[in-house]
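Asks: I would like the atomic coordinates for the input below:
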Amino acid sequence: MKLQKTAIITGAGQGIGLAIAEKLAAQSVNLILNDLEESLVTEACKRISHVHGVSALAIPGDSSSEEVIDELIETAISNFGTVDIVVANSGITLFGAFLEYSRADFLEVTRVNQAGTFFLAQAASRVMKDQPNGGALLFTSSVTAHQSHENLAAYAMSKAALEMLAKNLVLELAPYKIRVNTIAPGATVTNRTVMDPDYEATWSKITPLGRPAAVQDIANAAAFLVSDEAKHITGQTLIIDGGWTSVSPSPYA
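Replies: Numbering: from 1, shown residues only. Alright, predicted model coming up:
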């Protein structure tokens with residue numbers, strides 16, 4: 001009998017995080033979902049449980065806080081007994097020109113994007129190392145970690161750091177059968193990006209495959225990397241951008 005897995009996903013109230021949650025739920029994975037907005041993550045859990053028949057529990061709050069991280073881990077263990085998959089998807093984008101960028105914005109970006117991911121991965125790994133089958137960690141980076149993008153210096157730096165974190169952790173986590181990988185989405189149509197009426201048309205023109213990604217495109221890649229089908233893949237970053245980083249035209253041109 002195949003054991004049912006448990007996944008923790010942050011930033012799962014909408015967009016890419018929610019799409020990953022729905023993809024894993026369709027594969028009968030139990031879920032602990034986090035989002036800063038309580039109403040979004042609570043509604044997401046209700047809908048996923050109803051549609052897919054899995055357990056989906058909501059833990060709202062700041063995913064970079066020690067208290068929320070502890071609650072995510074403890075909820076997974078107390079309800080399901082294991083932490084098999086962690087998708088550290090939460091992140092913030094604070095645009096700003098480098099020469100005027102504030103210290104407060106810089107520290108907030110690094111706190112959420114880097115520290116939040118680092119310490120969630122650490123807490124999960126402390127559990128996974130004692131599990132016979134280890135586990136899978138997945139970080140959400142960005143194409144801005146690979147190509148420059150105006151007014152995103154701090155954000156891009158934080159995302160590049162996550163890719164190096166995944167690579168570096170291979171040395172320490174592989175002996176425990178813990179895999180760690182990163183996805184780097186490009187332009188993606190989400191609840192947030194559709195607020196720009198020109199977003200989809202602009203990125204369709206400059207993306208070689210002719211359109212920005214749908215959240216399902218990102219979720220399909222994420223689900224593969226945390227699955228047993230990718231059990232010999234670790235320390236890698238998968239760019240999902242329709243070919244944009246190969247040519248990198250600016251959306252502002």
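Asks: which helices and strands sit right next to the lengthiest helix in the chain?
Replies: Criterion DSSP state H: the longest helix present in the chain is helix 153-173. Here helix 153-173 touches helix 103-109, helix 116-128, strand 135-140, strand 178-185, going by 3 or more C-beta pairs under 8 Å, 6 or more residues apart in numbering; DSSP states H and E. For the C-beta atoms, the positions are set from N, CA and C on the backbone; glycine is no exception.
Asks: and the ones you listed as JSON lines, adding mean pLDDT and distance to Ile85?
Replies: Output for these, formatted as JSON lines (pLDDT from 0 to 100; distance: least, C-beta to C-beta, whole Å):
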{"stretch": "helix 103-109", "mean pLDDT": "98", "distance to Ile85": "26"}
{"stretch": "helix 116-128", "mean pLDDT": "98", "distance to Ile85": "9"}
{"stretch": "strand 135-140", "mean pLDDT": "98", "distance to Ile85": "5"}
{"stretch": "strand 178-185", "mean pLDDT": "98", "distance to Ile85": "10"}
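Asks: which stretch among these comes nearest Ala76?
Replies: helix 116-128 (8.0 Å; C-beta to C-beta).
Asks: For the closest one, which outside residues touch it?
Replies: 8, 10, 62-64, 66, 69-70, 72-73, 76-77, 82-84, 86, 88, 90-91, 134-135, 137, 139, 162, 165, 169, 173, 176-178, 180 (C-beta atoms under 8 Å, 6 or more residues apart in numbering).
Asks: returning to that earlier point: out of the helices and strands packed on helix 153-173, which is closest to Asn220?
Replies: Asn220 lies closest, by C-beta to C-beta, to one member of the helices and strands packed on helix 153-173: strand 178-185, at 10.3 Å.
Asks: Make TSV out of the helices and strands packed on helix 153-173 and add mean neighbour count and distance to Lys231.
Replies: Shown next, in TSV, are those (neighbours: other C-beta atoms under 10 Å; distance: least, C-beta to C-beta, whole Å):
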stretch	mean neighbour count	distance to Lys231
helix 103-109	14	33
helix 116-128	20	14
strand 135-140	26	9
strand 178-185	25	7
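Asks: And these: which comes nearest Glu37?
Replies: Between Glu37 and the helices and strands packed on helix 153-173, the tightest spacing by C-beta to C-beta is seen for helix 116-128, at 15.8 Å.
Asks: List every C-alpha atom in the closest one, with coordinates, as PDB.
Replies: C-alpha atoms of helix 116-128 as PDB (Å, rounded to 0.1, in the frame of the first residue of the first chain):
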ATOM      1  CA  GLY A 116      11.600  32.800   5.300                       C
ATOM      2  CA  THR A 117      12.700  30.100   2.900                       C
ATOM      3  CA  PHE A 118      15.900  29.300   4.700                       C
ATOM      4  CA  PHE A 119      14.300  28.700   8.100                       C
ATOM      5  CA  LEU A 120      11.300  26.800   6.800                       C
ATOM      6  CA  ALA A 121      13.700  24.500   4.900                       C
ATOM      7  CA  GLN A 122      15.700  24.100   8.100                       C
ATOM      8  CA  ALA A 123      12.700  23.200  10.300                       C
ATOM      9  CA  ALA A 124      11.400  20.800   7.700                       C
ATOM     10  CA  SER A 125      14.800  19.100   7.200                       C
ATOM     11  CA  ARG A 126      15.100  18.500  10.900                       C
ATOM     12  CA  VAL A 127      12.000  16.300  10.600                       C
ATOM     13  CA  MET A 128      12.800  14.800   7.200                       C
END
